[in-house]
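*Asks:* Give me the fold of what follows.
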Amino acid sequence: YIDVIKKGLEFQKFDALTGNLPLSIADWSSYLHLSERTLQRYNKESKSFDMPQTERIIQILIFFNLGFDVFGKPEKFYNWLTKENIAIGGKAPKELLNSSFGIDLLKDELNRIQFGVLA
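*Replies:* Numbers count the residues shown, from 1 in each chain. Model prediction:
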């Protein structure tokens, strides 16, 4: 992962890795702190993301893999992502993917779910 982060992820690889996830361009724009127009330009010009965006993309992909493991079925995980959650302040988990702290908090919550520690 370190080498990919240093080099930067090409938009085509990003699209291939994230194309099946239920996240819109607007979602990614928020998570990567880029405008939707900038993401569209990256696609059109076959640009690569810089280090901070590449790191966030990888963090989100790792988080999704953990979610798939914990819930067993993508649909169950996607449902959890969009429902307000008391454990994280009444927000939908999907809302916290725009910061490393939020992603870490969500991974901790998934670990608690996985091991049955819900309180």
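*Asks:* Return the alpha-carbon coordinates of the helix or strand containing residue 105 using PDB.
*Replies:* Here residue 105 is covered by helix 100-114, with elements defined by DSSP states H and E. The C-alpha atoms that make up helix 100-114 are tabulated as PDB, following Å, rounded to 0.1, in the frame of the first residue of the first chain:
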ATOM      1  CA  SER A 100      -9.000   9.300   8.900                       C
ATOM      2  CA  PHE A 101     -10.400   9.700  12.500                       C
ATOM      3  CA  GLY A 102     -13.900   8.900  11.200                       C
ATOM      4  CA  ILE A 103     -12.700   5.800   9.400                       C
ATOM      5  CA  ASP A 104     -10.800   4.600  12.500                       C
ATOM      6  CA  LEU A 105     -13.900   5.100  14.600                       C
ATOM      7  CA  LEU A 106     -15.900   3.100  12.100                       C
ATOM      8  CA  LYS A 107     -13.300   0.300  12.000                       C
ATOM      9  CA  ASP A 108     -13.400   0.100  15.800                       C
ATOM     10  CA  GLU A 109     -17.200  -0.100  15.700                       C
ATOM     11  CA  LEU A 110     -17.000  -2.900  13.100                       C
ATOM     12  CA  ASN A 111     -14.600  -4.800  15.400                       C
ATOM     13  CA  ARG A 112     -17.000  -4.400  18.300                       C
ATOM     14  CA  ILE A 113     -19.800  -5.800  16.100                       C
ATOM     15  CA  GLN A 114     -17.600  -8.700  15.000                       C
END
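*Asks:* same for that helix, what does it pack against?
*Replies:* Counting contacts by 3 or more Cβ pairs under 8 Å, 6 or more residues apart in numbering; DSSP states H and E, helix 100-114 packs against helix 51-71. Bear in mind the C-beta positions are built from the backbone N, C-alpha and C, glycine included.
*Asks:* swap the cut-off to 10 Å and go again
*Replies:* Counting by 3 or more Cβ pairs under 10 Å, 6 or more residues apart in numbering; DSSP states H and E, the packing neighbours recorded for helix 100-114 are helix 51-71, helix 74-82.
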